[in-house]
Each structure stands twice: as C-alpha cells, then as structure tokens.
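>>> After the sequence you'll find the predicted model.
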Amino acid sequence: MTSGQGGTLFPESDLYGFTGLLSDAEQFHLTRLRRVLDVEARPLLSDYWDRAETPIQLRDSLARLDIVNPPDIAEHDGEPREIFVGFRNFELARTDASVAILYNGQVGMFRSLVREGGSDEQRRLWAPRIASFEMTGCFAITEPLHGSDVARGLDTSARLVDGSWILNGEKRWIGNADFSEYVVVLARDESDRQVKAFLVRTDAPGLTMDTITRKTSLRMVRNSNLYLHDVVVAEDYRLQRINSFADVSTIFSSLRPDAAWNAVGIQAGAYESALAYTRIREQFGRPIAGFQMIQEKLVRMIGNLTASLGFSVRLSQLRDQGIRRDVDAALAKTWICDRMRETVALAREVVGGNGIILDHNVARFFCDAESYYTFEGTREINTLIVGRSITGLSAFVN
Ligand SMILES: Cc1cc2nc3c(=O)[nH]c(=O)nc-3n(C[C@H](O)[C@H](O)[C@H](O)COP(=O)(O)OP(=O)(O)OC[C@H]3O[C@@H](n4cnc5c(N)ncnc54)[C@H](O)[C@@H]3O)c2cc1C
C-alpha cells in the first residue's frame, strides 16, 4: 500500500515523488531515522570530520532504532523490501556519507556476508545478533598489492592444520575494523587455491592493525591496515557457503545497490545544502539563487539527482521481483557515481569560497564522494562488468 503522498519525505530532492512508492509503515521508519540523524548526528559532523574521528556513539543510537528488519514491514525471508533499504541508505548518506558506512558496514556488508555466506546454523546463531548490533563486524578483502585484481591476486593464505585454519597476510583499507568485534577475512586455501571467508576476532592473537591517516575523504571513517601472523580460526568460524571468489562476487553484487543508493543520497545532501546557501547568499544586492547561471547549475544537480533516483528505484524494484543480475547493479553504481561527481562539484561551485570549508556541509560531501567513486568496484571495473555483459566479450586482462 502506498501513501499517495509522493515526495513528502524529501520535498526538495525527490521532485518526481519516488517516496510515494513506499508504504506508510516504511515511511514511518524512515521518519524515525531522520529524527535521530537530525538531532544526534548533524550537530557533530563538521567537528568529527575535521578531527578525523568516528562518532561511534551514533552506532548505538542507530542500533536502538531497530530498523534493520522491522517486523511490520517484513516481506520475503523476514527482510524489508529493497526499495525501503534503498531509501534507508539514501537518508543516511543524505545526512553524511561516513555515518552511512558506520551503519552499512555492519548491516550491509558484515550481515550480508554472514547471511548469504554462512551455513543455516551459522545464520541462525549470528544473523539476529548482527541485526541487533550485539555482534559487530566488518569485512577485509583488499590487500596492499591487490585492489581491483583481488579476485585473482588475493595473497592472504589459509592452511588447515588439525581442524583449525592458520591465516597469514595483510589487508588494507578495512573500514570500522578498530571498533568491531569481528572481521570477515578472505583468504586463499593453500590446498585447493580457492578463496574462503573466515570470521576472525579483531583481538585474536597474531592480528594487529594500524589506522590509515592523512585521508582527504571519509575522514570520519576509520580505515585500517590489518596484519595477520599465524592467526588461528576454528572451522566453525569459516563461512560454509563461500568456497570460491565467485561466491564472494555474488554477495558483492548485492552490496553494489547499497553503494549506488548512497551515491544518490550524497547528491541529495550536497544539493539541498547548496540550494539553501544560494537562497541566503546575496551578491549584487540579491540572492545568488536568482541568477540565471546559478539556476542552470542547480537544475543540472536536480536533474542528476532525479535520474539517479529513478535508476536506483528501478534497480530495487527488479531486485524485489527476484531479478538480481551483476550487470544491473554495476551499471547503476558506475553511472550514478559519475552523476554524483558532477553534482557535488556543482554544489561546491555555487557555494563559492565557502564551498571548501566544512561549515556549509557541501565540502564534506564533495570530499567524501571520491571514496564512493572508488570502492564497491571502481568506475573501470564496473564498466568492464557491464561491457562484458552487453558484448559477450571480457575485456578484463587475462
Ligand atoms: C575509503 C575507502 C574504504 C574502503 N573500505 C574497504 C573495506 O572496508 N574493506 C575492503 O576490503 N576494502 C575496502 N576499500 C578498498 C577498495 O575496495 C579499493 O580501494 C578498490 O577495490 C580499488 O582498489 P585500489 O584502491 O587498490 O585501486 P587499484 O586497483 O590499484 O586501481 C587504480 C586504478 O586503476 C584502475 N584499474 C585497475 N584495473 C584496471 C583495468 N583492468 N582496466 C582499467 N583500469 C583499471 C582502477 O579502476 C583505478 O582507477 C576501501 C577503499 C576506500 C578508499
């Protein structure tokens, strides 16, 4: 059932009323999320970003909202509709791109890996505790020497000795690792050379980490280098349904829609902040919003945003119908991130010099957009996935 009140949740950013596709109950949960973000997150953002610190207390506030899988909007398998998940990402990223990762690192990445990669027993034991944030986690795939080519290059090794696994290797860029209880580490089984996934405690003997500093994007997210030296993991903590990189890729293709929706939310946050600024900033005796060339930029932004929303909504509808193809998620992620880059740059432009300082929000979105452009598959890698699908020819280097 839809409310028939399209666009009321985001009156400035959702001109075509896509939120009208949400039920009243779904909109209710998003409104609760909005309240927490407005009251508890917004006042902290600029300072924490400046200091490169994570407002970790927000994780508890978001957990208490209990909007991972609310029973009143449960659909297939007790999960909410993809379109609700999409707008949840949109609302988070519209407030702040790092806060979106604080939530999604747990609810999207960690939870998806365990739900889709774990055995029935592992799911039964862990999935509810992950949904309630009682058990926290993140995931580690990227390595210092392998980013885009990690599928074939992954060097971290796993050796089975007397029923337990011994892990060795290094990981890079691992978000939320230093305040998570677990990290899902992808490692290559020395015996069959296949990639497997292990739930490793972050305080396990042999696992050390340091924080990547001097970042110019997502400064509120703590990204770590991980060093694994003879870390022992019981077979019970190996995700039983992940037995090759192809299994991991299948799970990743369900994470790309999250990244795409976040990239739409970033555009909304930048656009709304820029629009507000142009209404109050006066030059030549009138608000700059009244100048033709400023309006032209605002229109390009809202055009990008509306098209990106349409793309994401349709992607979610397809997935709600059970159509979950790699190519669809890759196309949405790469195309929307292109639009995002243009939108945040235009937002920065119309705010003038103030667009490069944190006080007007736009600078934060401008810098943070760069990370979304690169992770969950760079533009090139997602383009190659789409190119392979539409031509039938793989252009990945062999
Ligand atoms: C803020 C942030 C958070 C992250 N969080 C995590 C995390 O939590 N866990 C995790 O495991 N990883 C994480 N990552 C890592 C992320 O997934 C990688 O950065 C990404 O996969 C790209 O790898 P790379 O940075 O090593 O770039 P590279 O792979 O070195 O690529 C450099 C450039 O070369 C291009 N390129 C590579 N191959 C080709 C090709 N065949 N054809 C054309 N161009 C090509 C790329 O597109 C890119 O433009 C994070 C990264 C960032 C920036």
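On my side now, so go ahead.
>>> Point out the other helices and strands that the helix or strand Gly86 falls within packs with.
Assigned by DSSP states H and E, Gly86 belongs to helix 82-95. Here helix 82-95 touches helix 24-36, helix 97-104, helix 256-280, helix 292-320, going by 3 or more C-beta pairs under 8 Å, 6 or more residues apart in numbering; DSSP states H and E. Using the backbone N, CA and C atoms, a C-beta is placed for each residue, glycine as well.
>>> can you redo these as TSV with mean pLDDT?
Output for the helices and strands packed on helix 82-95, formatted as TSV (pLDDT from 0 to 100):
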stretch	mean pLDDT
helix 24-36	97
helix 97-104	97
helix 256-280	97
helix 292-320	98
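>>> how about those helices in TSV, adding distance to Arg172 and mean neighbour count?
Output for the helices and strands packed on helix 82-95, formatted as TSV (distance: least, C-beta to C-beta, whole Å; neighbours: other C-beta atoms under 10 Å):
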stretch	distance to Arg172	mean neighbour count
helix 24-36	31	17
helix 97-104	16	26
helix 256-280	19	25
helix 292-320	29	18
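>>> can you tell me which of these comes nearest to the ligand?
Ranking the helices and strands packed on helix 82-95 by proximity to the ligand (C-beta to the nearest ligand atom) places helix 97-104 first, at 7.6 Å.
>>> quick one, that closest one and helix 256-280 angle?
Here the directions of helix 97-104 and helix 256-280 differ by 150 degrees (axes from the mean of the first three to the mean of the last three C-alpha atoms, to 10 degrees).
>>> quick one on the thing from earlier: and of the helices and strands packed on helix 82-95, who's closest to Asp77?
helix 292-320 (12.2 Å; C-beta to C-beta).
>>> any idea of the angle that closest one forms with helix 82-95?
Going by the same axes, to 10 degrees, helix 292-320 makes 150 degrees with helix 82-95.
>>> Show me what helix 292-320 is packed up against.
So helix 292-320, by 3+ C-beta pairs under 8 Å, 6+ apart, packs with helix 82-95, helix 256-280, helix 326-350.
>>> quick revisit: quick check: mean pLDDT across the helix holding Gly86?
For helix 82-95, the mean pLDDT works out to 98.
>>> Assign the residue lying closest to Leu160 once chain neighbours are set aside to helix, strand or coil.
Excluding the flanking residues, the one nearest Leu160 by C-beta to C-beta, 6 or more residues apart in numbering is Ser191, at 6.8 Å. Three-state call for Ser191 (DSSP: H, G, I helix; E, B strand; the rest coil): coil.
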